[in-house]
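**Student:** Sequence and predicted structure are below.
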Amino acid sequence: MPDRAALPPWTLVAPVLGLLAVLLGLAKMGTPGTVAAVVILIGSVLAAVHHAEVVAHKVGEPFGTLVLAIAVTVIEVSLIVSLMLSNAGDAATLARDTVFAAIMIIVNFIVGLCLLAGALRHHEQRFTLKGASAALGVLAAMVVLSLVLPNYTSSTPGPTYAPSQLVFVAVVSLILYATFVLVQTVRHRDYFLPATEGKDDHAAPPSTRATYIAFGVLLVALVAVVLLAKTLSPTIEAAVVAAGLPQAVVGVVIAALVLAPESLAAYKAARRDRLQTSLNLALGSALATIGLTIPSVAIVSLMLDLPIALGIDPKGLVLLALSLFVATLSLGTGRTTVLQGAVHLVIFAAYLFTTVVP
């Protein structure tokens, strides 16, 4: 891959424009400014996806997908913590709502879209079953400990943990994620390698210089995406209120904007018959979302004595259980068709509908 192909000019310019739009407050300059900010946001998303693919092609699987998953999650954590500190909205439930929205988007929308798009083009796709099973097992444990168990503890009232319980869950989440990364990248790396070689796997990799530039611009693009999403959130919130929709819709929209780079990268990989890459990206992002977010917000909550509610409501519990159950069945054979993708997308549609019409 020549450097000119790896680093098109527009992918270098878009993230810089994104940061300038944030610094200039473009989203606050009336309707034209808001429209321009949205266009720049889309450009930054596309640039992030392109540079993530450059890095992934250079370092190979599963390290490449791990780069984007961790980078996006770290910035997502920064956004959540900054909103907690500014007391935006209901700060006590902000982390819970954001993590739950991210999990539903990843497990149902991203996975479902990849399965459906890949199967429509290639009929049946294969992936390494051991890797998917390992990721789902860790995800189930993390999700239950973080978002379900708080509803059933008795040390504190409501869907909350006592300080010692919160520390325990934060440490366990971090240990589980670190163990998964060790297994994915060192001990059992073959579990996460493609079952079949993709058609574009033999393209010449980019140079080391181009890879370093792409990684740096990737980080800039992700920062631009998150900051633009945060800047646009008041406009989105005002539109949601004007439409008479629940405040939870704002969290879904912001989570979708933050996860847009991963969604597009996973979709493009599935279209290229590289479903393993899509699943590595999607499931790895879900694990990083919990494994990094929960410890981070726990530290902020304990250090600043901020209240935090992690337990989801009964409706969310039902949808979460259904999502994990269907994901286990969908990814339990090593082969997928359009049917599994359609089921996941229907569950995501049900989640969106019940969020708007609770």
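**Tutor:** On my side now, so go ahead.

**Student:** When you work out contacts or count neighbours from here on, use the C-alpha atoms and nothing else.
**Tutor:** Will do.

**Student:** Could you export stretch 36-48 as CSV, CA atoms only?
**Tutor:** Only the C-alpha atoms of stretch 36-48 are listed here, as CSV (Å, rounded to 0.1, in the frame of the first residue of the first chain):
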residue,chain,number,x,y,z
ALA,A,36,-21.3,22.3,9.0
ALA,A,37,-20.3,20.7,12.3
VAL,A,38,-22.3,17.6,11.4
VAL,A,39,-20.6,17.4,8.0
ILE,A,40,-17.2,17.7,9.6
LEU,A,41,-18.2,15.1,12.2
ILE,A,42,-19.0,12.6,9.4
GLY,A,43,-15.7,13.4,7.7
SER,A,44,-13.8,12.8,11.0
VAL,A,45,-15.6,9.4,11.4
LEU,A,46,-14.7,8.3,7.9
ALA,A,47,-11.1,9.5,8.5
ALA,A,48,-10.9,7.5,11.7
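
**Student:** Now do the buried residues in it.
**Tutor:** Across stretch 36-48, burial judged by 16 or more other CA atoms under 10 Å covers A37, V38, I40, L41, I42, G43, S44, V45, L46, A47, A48.

**Student:** Just the element for the second one, please.
**Tutor:** Here V38, judged by DSSP states H and E, is contained in helix 30-59.

**Student:** what's that helix packed up against?
**Tutor:** Where contact means 3 or more CA pairs under 8 Å, 6 or more residues apart in numbering; DSSP states H and E, helix 30-59 is packed against helix 9-24, helix 63-85, helix 208-242, helix 260-271.

**Student:** Off-centre distance for it?
**Tutor:** Its chain's C-alpha centre and that of helix 30-59 lie 15 Å apart, by CA atoms, centre = their mean, to the nearest Å.

**Student:** Mind checking the pLDDT average for it?
**Tutor:** For helix 30-59, mean pLDDT rounds to 82.

**Student:** which residues of the stretch 151-300 of the chain score low on pLDDT?
**Tutor:** For the stretch 151-300 of the chain, the stretches with pLDDT under 70 are 195-203, 233, 237, 251.

**Student:** one step back: pick the most buried one from the helices and strands packed on helix 30-59.
**Tutor:** Looking across these with neighbours counted as mean count of other CA atoms under 10 Å, the highest average goes to helix 260-271: a mean of 23.

**Student:** Run through who's touching that one.
**Tutor:** For helix 260-271, contacts defined as CA atoms under 8 Å, 6 or more residues apart in numbering pick out 45-46, 48-50, 52-53, 68-69, 106, 110, 113-115, 117-118, 121, 275, 277-279, 281-282.

**Student:** tilt between that helix and helix 208-242?
**Tutor:** Interaxial angle of helix 260-271 relative to helix 208-242 (axes from the mean of the first three to the mean of the last three CA atoms, to 10 degrees): 120 degrees.

**Student:** L66 versus L182, what's the distance?
**Tutor:** Going from L182 to L66 by CA to CA, to the nearest Å gives 12 Å.

**Student:** any idea how far T336 is from S278?
**Tutor:** Distance check for S278 against T336: by CA to CA, it reads 13 Å.

**Student:** who has more neighbours, those two?
**Tutor:** S278 (28 against 21; other CA atoms under 10 Å).

**Student:** Apply the buried test to the contacts of helix 260-271 and list what passes.
**Tutor:** Among those, those scoring as buried are 45-46, 48-50, 52-53, 68-69, 106, 110, 113-115, 117-118, 275, 277-279, 281-282 (criterion: 16+ other CA under 10 Å).

**Student:** all strands of the stretch 51-200 of the chain, in order?
**Tutor:** Ranges of strands within the stretch 51-200 of the chain are 125-126, based on DSSP state E, counting those that start in this stretch.

**Student:** could I get the helices and strands packed on helix 30-59 as CSV with distance to T98?
**Tutor:** As requested, the helices and strands packed on helix 30-59 are exported to CSV (distance: least, CA to CA, whole Å):
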stretch, distance to T98
helix 9-24, 22
helix 63-85, 8
helix 208-242, 13
helix 260-271, 15
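
**Student:** Find the residue closest to L139 in space, skipping its chain neighbours.
**Tutor:** L287 (5.9 Å; CA to CA, 6 or more residues apart in numbering).

**Student:** I'd like to know how many residues surround that neighbour.
**Tutor:** Using other CA under 10 Å, L287 has 29 neighbouring residues.

**Student:** got it, and the one 10 residues further on?
**Tutor:** Neighbour count for V297, taken as other CA under 10 Å: 23.

**Student:** For the closest residue in space to it that isn't next to it in sequence, give its distance to L94.
**Tutor:** Of all residues not flanking V297 in the chain, V81 sits nearest, at 6.5 Å (CA to CA, 6+ apart). Distance of V81 to L94, given as CA to CA: 9 Å.

**Student:** do A282 as well
**Tutor:** Going from A282 to L94 by CA to CA gives 22 Å.
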